[in-house]
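> Have a look; sequence and predicted model below, questions after that.
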Amino acid sequence: DSGVTQTPKHLITATGQRVTLRCSPRSGDLSVYWYQQSLDQGLQFLIQYYNGEERAKGNILERFSAQQFPDLHSELNLSSLELGDSALYFCASSLTSDGQETQYFGPGTRLLVL
Amino acid sequence: QKEVEQDPGPLSVPEGAIVSLNCTYSNSAFQYFMWYRQYSRKGPELLMYTYSSGNKEDGRFTAQVDKSSKYISLFIRDSQPSDSATYLCAMTNYGQNFVFGPGTRLSVLP
């Protein structure tokens, strides 16, 4: 158990809908990272927040947004969902923001868009 | 050309064999190099972490980085069936971006 929690574990929805994925980092960690893992694209870095501020941006679509709240939990919002958005979404956390130490991954949210 | 290339496997080896996993990359700005192990349907778990070029050993695992060749390796000694998983290399340039390889699926046969 990494100490990172993600809810829900599974999500089934329809095209065009909007969903929110939630992540609670390990106690004491200030950085939260979001990743998307699909069969054809592998693990793709989406976005990083550090202590409430956006720190780095990867291959995140404009239909996707994220935020980190004062209690350091983070939410990833996915809107206007398409079939291709079906994937595993992972959250990871680390103490600092510079990638110099371990990122601990949560168990993931499996999203299926029908 | 993809930013990080990794042989997807699957790689099957007998128990006790030495396993060599490799990644090549194109961005010379990467400074930190990691290897993650991912069991099916689970989150990746960090195995090894190295900065710049050199070797690092931890138990049965050895990570090597050759920045001049843009090539990193992970060696697993005395491989066990419990090592059967997908191995992902990853790298970052001071946290500005995190790039993962597509992963190599390893099977260690008893």
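Thanks, I have it.

> Which phi and psi values does residue A:18 adopt?
phi -120, psi 140 (degrees, to the nearest 10).

> swap that for residue B:78, please
According to degrees, to the nearest 10, residue B:78 has phi 50, psi 60.

> residues contacting it?
B:16, B:18, B:60 (C-beta atoms under 8 Å, 6 or more residues apart in numbering or on different chains). All C-beta atoms are positioned from the backbone trio N, CA, C, and that covers glycine.

> Could you do residue B:76 as well?
So residue B:76 contacts B:18-19, B:21, B:60-61, B:83 (C-beta under 8 Å, 6+ apart).

> on that earlier part again, among the contacts of residue B:78, which one has the most neighbours?
residue B:60 (14 neighbours; other C-beta atoms under 10 Å in any protein chain shown).

> which one is it nearest to, not counting chain neighbours?
Leaving out its chain neighbours, the residue that sits closest to residue B:60 by C-beta to C-beta, 6 or more residues apart in numbering or on different chains is residue B:77, at 4.6 Å.

> So the one you found sits against residue B:16, correct?
No - contact criterion C-beta atoms under 8 Å: residue B:77 and residue B:16 do not qualify, at 9.1 Å.

> how much space between the spatially most central residue of chain A and residue A:16?
In chain A, the C-alpha nearest the mean C-alpha coordinate belongs to residue A:34, at 3.1 Å (C-alpha atoms, centre = their mean). As judged by C-beta to C-beta, to the nearest Å, residue A:34 and residue A:16 stand 22 Å apart.

> Quick check, pLDDT for the residue lying farthest from the centre of chain B.
Farthest-out residue of chain B from its mean C-alpha position, per C-alpha atoms, centre = their mean: residue B:110, at 22.2 Å. Predicted confidence (pLDDT) for residue B:110: 94.

> correct me, but it touches residue B:15?
Yes - using C-beta under 8 Å, residue B:110 is in contact with residue B:15, at 5.2 Å.

> residues shared between the contacts of the two?
Common neighbours of residue B:110 and residue B:15 (C-beta under 8 Å, 6+ apart) are residue B:81.

> got a list of what the residue nearest to residue B:60 touches?
Here residue B:77 is in contact with B:18, B:60-62 (C-beta under 8 Å, 6+ apart).

> Reformat those residues into a markdown table and put distance to residue B:94 and secondary structure next to each item.
Below are the contacts of residue B:77 laid out as a markdown table (distance: C-beta to C-beta, whole Å; DSSP: H, G, I helix; E, B strand; the rest coil):
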| residue | distance to residue B:94 | secondary structure |
| --- | --- | --- |
| B:18 | 33 | coil |
| B:60 | 30 | coil |
| B:61 | 24 | strand |
| B:62 | 25 | strand |
